[in-house]
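Undergrad: model the following, please.
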Amino acid sequence: TCDQSGSGGLGNLLQGLQGSTGSTGSGGTKPNVGDLFKKAQEMQDKMTMGPVDHHYLGRLNASMLLEDGFLPPNSEVVQYIRSLLMTLARYSRVPYVYDDYIPIVIKTDVPNAWAAPGGFIIITEGLLKMVQSEDELALILSHEMGHIEHNHGVNMIMNDLAMGFMSDFVGDIGAGEGMKQFAKGVMKYGADGYDVELEMEADARALFIAQQAGYDPNVFPRVMERLKKVTGHYGGKGYPPQRSKLIRQELKKYRYLGSPASVDLRTTRFKKRMVGGQVAVSKPVKEKKKKTVEKKTVEKKTKKKSTG
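TA: Residues are numbered from 1 along each chain as shown. Below is the predicted model of the structure:
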């Protein structure tokens, strides 16, 4: 477990990280499995990152993603997403982080979202265009909150360092270069997914958090199926290949606690905020099919008139 006091901080953490390069340092030979697990235990013992450290790491992680542009923090869309995070956080195991949950919307059409340490949640414009309601967005945000609850990002990098998988790690985290490499590792897992078990864990937490906050958990598999249709996968190589099916199985434990009218009100609010923030929301599939049928009917009528 992490020491939440923040004492010792990143400087002390690095003392455990340095030397975990997959070699003994003397003859250049790799340690045996027992040595690796011993090193992993040592890393956990020295892991004294507190809330301030997580915030600093998450802020650095987020800053690496802003090159293509991002929505201003005071924009209508970002403020709307922030309000959703504040609502969801009340039902999380980690309702408080160092500086509140911070949404960052980056300008890329690739649908994605991931969590950085310290409560930073990155969402792409592509994802906002893909989701069709506030409930769908809330489930995705809850999934990312689940990663923050379990500290998946930091723990995965710590394990990689301890087991020698990140042998190119250099420098003092507090000095900057080591911190950047640490943040890049977190970003890689965030983009590709952690692993099947951790993603399933975050999916399960998403259903609970969203349901308790008053959202309809039944929309989750639907939005995941749409994500796969758009991108060809469920979020990256670290996600379960049967993700939608597994979510439906987990859904048996939950039911929607609200009313259909509430869903409609939230969907209207969602569309209003997205339009106000100049984000084009995709239309439901049913509407698309209807328009296609109408178009074909008009084409047939036009054909008959021209041939007659």
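Undergrad: any regions of the stretch 201-308 of the chain where pLDDT drops low?
TA: Applying pLDDT under 70 to the stretch 201-308 of the chain flags the ranges 233-238, 276-278, 280-308.
Undergrad: rerun that using 90 as the cut-off
TA: 227-244, 274-308 (pLDDT under 90).
Undergrad: and what of the stretch 51-200 of the chain?
TA: 51-68, 94-100, 110, 114-118, 147-200.
Undergrad: how about the strands in it?
TA: Applying DSSP state E, counting those that start in this stretch to the stretch 51-200 of the chain gives strands spanning 102-106, 113-116, 120-124.
Undergrad: tabulate those strands (TSV), appending mean neighbour count and distance to Gly214.
TA: Every residue, glycine included, has its C-beta placed from N, CA and C. TSV is the format used below for the strands of the stretch 51-200 of the chain (neighbours: other C-beta atoms under 10 Å; distance: least, C-beta to C-beta, whole Å):
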stretch	mean neighbour count	distance to Gly214
strand 102-106	22	19
strand 113-116	26	21
strand 120-124	25	19
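Undergrad: how about these in CSV, adding distance to Leu84?
TA: Listed next are the strands of the stretch 51-200 of the chain as CSV, based on distance: least, C-beta to C-beta, whole Å:
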stretch, distance to Leu84
strand 102-106, 8
strand 113-116, 12
strand 120-124, 10
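Undergrad: so which of those strands is nearest Ala204?
TA: Closest approach to Ala204 among the strands of the stretch 51-200 of the chain (C-beta to C-beta): strand 113-116, 15.5 Å.
Undergrad: thinking again about what came up before, can you say which of the strands of the stretch 51-200 of the chain is nearest to Lys272?
TA: strand 102-106 (16.8 Å).
Undergrad: and the contacts of the closest one?
TA: Taking contacts as C-beta atoms under 8 Å, 6 or more residues apart in numbering, the residues outside strand 102-106 that touch it are 62, 65-66, 68-71, 75, 77-78, 81-82, 85, 119-125, 128.
Undergrad: tell me the angle that strand makes with strand 120-124.
TA: 30 degrees (axes from the mean of the first three to the mean of the last three C-alpha atoms, to 10 degrees).
Undergrad: how much space separates Val230 from Val223?
TA: Counting by C-beta to C-beta, to the nearest Å, the gap between Val230 and Val223 amounts to 10 Å.
Undergrad: anything in contact with each of the two?
TA: Met130.
Undergrad: the two: which has the busier surroundings?
TA: Higher neighbour count among Val230 and Val223: Val223, with 21 against 15, using other C-beta atoms under 10 Å.
Undergrad: pretty sure that one sits in a strand.
TA: No: read with DSSP: H, G, I helix; E, B strand; the rest coil, Val223 is helix and lies in no strand.
Undergrad: list the contacts for the residue lying closest to it once chain neighbours are set aside?
TA: In space, Val223 comes closest to Glu136 once its chain neighbours are excluded; the distance is 4.3 Å by C-beta to C-beta, 6 or more residues apart in numbering. Shown in contact with Glu136 (C-beta under 8 Å, 6+ apart): 219-220, 222-223.
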